[in-house]
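Asker: test case, fold it:
(2 chains)
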Amino acid sequence: MDELIPEGTEGAGETAAPSSLEVRAAAERAARTSYGRLVALLAAQSRDILLAEDALADAFEQALRTWAVAGVPANPEAWLLTVARHRQLDVLRSAPVRTSAPLEEGKTMAFDLGAIDADAIPDKRLELLFACAHPAIAADVRIPLMLHTVFGIEAASIADAFGIPASTMAQRLVRAKRRVRATGISFAVPTRADMPQRLGFVLEAIYGVYTIDWESLPGIDGLAAESLYLAVTVAALLETEPEAWGLAALLALSSARAPARFVDGAFVPFDQQDPRRWDATLIREGEAYLRRAHGMGQPLGRFQLEAAIQSVHCDRRRTGSTDREALLRLYRALVSVAPTEGARRALEAVEATPSDLLQE
Amino acid sequence: MRYTILLHYPEMMAQGELDQAAIEQGQAAFTRYATDLDSAGVLISAEVLAPTSATTTLVSVGEELRIQDGPFADTKEKLGGIFVIDVGDLDAALGWAKQAPSVQWGPIEVRPTGTYYENGAWTS
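Answerer: Got it, this is the predicted structure:
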């Protein structure tokens, strides 16, 4: 079996083969952390998201078999990318015939996996996000498409979150993916002129990843961190979009309170949370993003307002009390800018709270 | 990628509905548009169609092939012209489509070519 072991693979040779559980865990970890990154890279050239997903699924399947024998490679992401790329090329070469026959292992192992530099794998997820947000894609499927292709959330889970049947969502996603390729939508960050039309959808999708209770779904974690990372990346890339910085601030400040949200497995509402458990670094980071957004001197958008509300709450760590008047002002502004059910209820809740209850 | 920019607009049928100056202005705008596409090296072909009063339609009815006067579909906006271009992606095609002079008078459709016939073979 030695000839099947690619260069640059750890655990080769004398080391005992890892258990199937270890292999599965490694593959699942790679799937969680790298799925969107790999789909974005694989689809960037061909614009064929379906093919990229198929190729990646094949690569994962092959990983389970190969890693069980050869060990988990030092860089699973690079391993998966290379195997998926070859798979994709095989399919493109034999187009239009799409075969589901498994790869010949010897053939795919002929390339040098050791030559791949993990840090050199570019992140094309932003380009994929903006492609999914293109106005040529039906508006109601743009956000589901981003959640599915960039964040790897299953169609059935997205269908649940959007309150539509799973089969309908699956159909919409496939149709949208076909349309990306057929219409020739490029995987590129749009020009400044096209930005306003698309940015809102991208920010909404990133926000959705953070807020929808995906964590209760099996096999999903780390999405909150991913969404914060992408929010900051989008904001930094666009530099002067206040709402992008507003979203980055919102997610940072909200994430800062995560360590206090559960104590001994029980949920703690934020007014009862111990501020000492909040993450001071994330609070500083969020405050900096918020200042940056406000410094741009444009009218306050929804994400900046929500971030400012978070900032008022986080200030309890410093002052020991919550500024009810500031909360009222911000919630009223939020209800007028984005009159969602959630915002209205939150405003009512603050209005109903006597000011002395907010003091500690 | 090849795209066809399909220009739809209402036809000005009645004589004198548009004055000569307006017609000339429109023609000049289309000439500028075609020249811009051509000098950018993206133009494959440009056709401005005669009014539908000059069109003849073939329809197969059962065994019979009928020849009839007038357009196939009676819509307010007619297909008035096509520009075939070769550009990198949809955004580039949309960018050119936005500049078509008729965008003020009627909808413009931008559709990728599925395949085209060249040098004796279908090419994609």
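Asker: pLDDT value on residue 96, please?
Answerer: Picking chain A for this. The score at A:P96 is 56. That number is its pLDDT.
Asker: nope, chain B
Answerer: pLDDT recorded at B:W96 is 97.
Asker: shouldn't it be in contact with B:V42?
Answerer: Yes - counting by CB atoms under 8 Å, B:W96 touches B:V42, with 7.0 Å between them. Glycine gets a C-beta too; all of them are placed from N, C-alpha and C.
Asker: overlap in contacts, these two.
Answerer: B:I85, B:V87 (CB atoms under 8 Å, 6 or more residues apart in numbering or on different chains).
Asker: tell me how far the closest residue to A:T240 other than its chain neighbours lies from chain B.
Answerer: Nearest residue to A:T240 in three dimensions, chain neighbours excluded: A:M296, at 6.0 Å (CB to CB, 6 or more residues apart in numbering or on different chains). A:M296 is 26 Å from chain B, where distance means CB to the nearest CB, to the nearest Å.
Asker: Three-state assignment for A:M296, please.
Answerer: What DSSP: H, G, I helix; E, B strand; the rest coil gives for A:M296 is coil.
Asker: pretty sure it is touching A:E243, no?
Answerer: No - applying CB under 8 Å as the test, A:M296 and A:E243 come out as separate, 9.5 Å apart.
Asker: what about those two, which has more around it?
Answerer: A:E243 (22 against 14; other CB atoms under 10 Å in any protein chain shown).
Asker: check which helix or strand that one maps to.
Answerer: Using DSSP states H and E, A:E243 maps to helix A:242-256.
Asker: so whatever helix or strand A:Y207 lives in versus helix A:242-256, what angle?
Answerer: Taking DSSP H and E as the definition, A:Y207 sits inside helix A:195-211. Interaxial angle, helix A:195-211 versus helix A:242-256 (axes from the mean of the first three to the mean of the last three CA atoms, to 10 degrees): 10 degrees.
Asker: re the thing from before, separation between the residue nearest to A:T240 and A:P242?
Answerer: 4 Å (CB to CB, to the nearest Å).
Asker: where in the stretch 251-360 of chain A is pLDDT low?
Answerer: A:355-360 (pLDDT under 70).
Asker: if we can go back for a sec, from the contact counts, what lies against the helix holding A:E243?
Answerer: helix A:195-211, helix A:223-238, helix A:280-294, helix A:302-314 (3 or more CB pairs under 8 Å, 6 or more residues apart in numbering or on different chains; DSSP states H and E).
Asker: residue 73: how many residues sit nearby?
Answerer: Picked chain A for this. 27.
Asker: to clarify, I was referring to chain B.
Answerer: 9.
Asker: just checking, it is part of a strand?
Answerer: No - according to three-state DSSP, B:A73 belongs to no strand; its state is coil.
Asker: mind listing what the closest residue to A:A256 other than its chain neighbours touches?
Answerer: Leaving aside its sequence neighbours, A:A256 sits nearest to A:L282 (CB to CB, 6+ apart; 3.7 Å). Shown in contact with A:L282 (CB under 8 Å, 6+ apart): A:A252, A:L253, A:S255, A:A256.
Asker: how close does A:V234 get to chain B?
Answerer: For A:V234 relative to chain B (CB to the nearest CB), the value is 19 Å.
Asker: just say helix, strand or coil for B:Y117.
Answerer: Per three-state DSSP, B:Y117 ends up strand.
Asker: what residues of stretch B:79-94 count as buried?
Answerer: Neighbour counts over stretch B:79-94 (16 or more other CB atoms under 10 Å in any protein chain shown) mark B:79-85, B:87, B:89-94 as buried.
Asker: okay if I get those residues as CSV plus secondary structure?
Answerer: Formatted as CSV, these follow (three-state DSSP):
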residue, secondary structure
B:L79, strand
B:G80, strand
B:G81, strand
B:I82, strand
B:F83, strand
B:V84, strand
B:I85, strand
B:V87, coil
B:D89, coil
B:L90, helix
B:D91, helix
B:A92, helix
B:A93, helix
B:L94, helix
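Asker: tell me the two of the residues you listed that are most distant?
Answerer: B:G80 and B:D89 (25.6 Å; CB to CB).
Asker: hmm, back to that, now the helix holding A:Y207: mean pLDDT?
Answerer: Rounded mean pLDDT across helix A:195-211 is 90.
Asker: packing partners of it?
Answerer: Judged by 3+ CB pairs under 8 Å, 6+ apart, helix A:195-211 is in contact with helix A:125-132, helix A:139-149, helix A:223-238, helix A:242-256.
Asker: considering those, which stretch scores lowest in mean pLDDT?
Answerer: Here those differ in mean pLDDT, and the lowest is helix A:223-238 at a mean of 88.
Asker: what does it contact?
Answerer: A:36, A:123, A:125-126, A:129, A:150-151, A:153, A:189, A:195, A:199, A:202-203, A:206-207, A:209-210, A:214-215, A:241, A:244-245, A:247-248, A:250-252, A:255, A:258, A:289.
Asker: over to stretch A:261-280?
Answerer: A:S255, A:A256, A:R257, A:A258, A:P259, A:A260, A:H313, A:C314, A:R316, A:R317, A:T322, A:L358.
Asker: what's around the third one, how many residues?
Answerer: Counted with other CB under 10 Å, the burial measure for A:R257 works out to 21 neighbours.
Asker: what sits against it?
Answerer: A:R257 neighbours (CB under 8 Å, 6+ apart): A:F270, A:Q273, A:W278, A:D279, A:H313, A:C314.
Asker: which positions in chain B make contact with chain A?
Answerer: For chain B, the residues in contact with chain A (CB under 8 Å from any CB of the partner chain) are B:M1, B:Y3, B:G88, B:D89, B:L90, B:D91, B:A93, B:L94, B:P112.
Asker: of those, which is the nearest to chain A?
Answerer: B:D89 (3.6 Å; CB to the nearest CB).
Asker: and the closest one, how far from A:S186?
Answerer: B:D89 is 4 Å from A:S186, by CB to CB.
Asker: quick revisit: nearest to A:R178 among the contacts of A:L282?
Answerer: A:S255 (35.8 Å).
Asker: what is the end-to-end distance of stretch B:59-68?
Answerer: End-to-end span of stretch B:59-68 (CA to CA, to the nearest Å): 8 Å.
Asker: returning to that earlier point: give me whichever of the helices and strands packed on helix A:242-256 is most buried.
Answerer: Compared across the helices and strands packed on helix A:242-256, helix A:302-314 shows the largest average neighbour count, a mean of 24 (mean count of other CB atoms under 10 Å in any protein chain shown).
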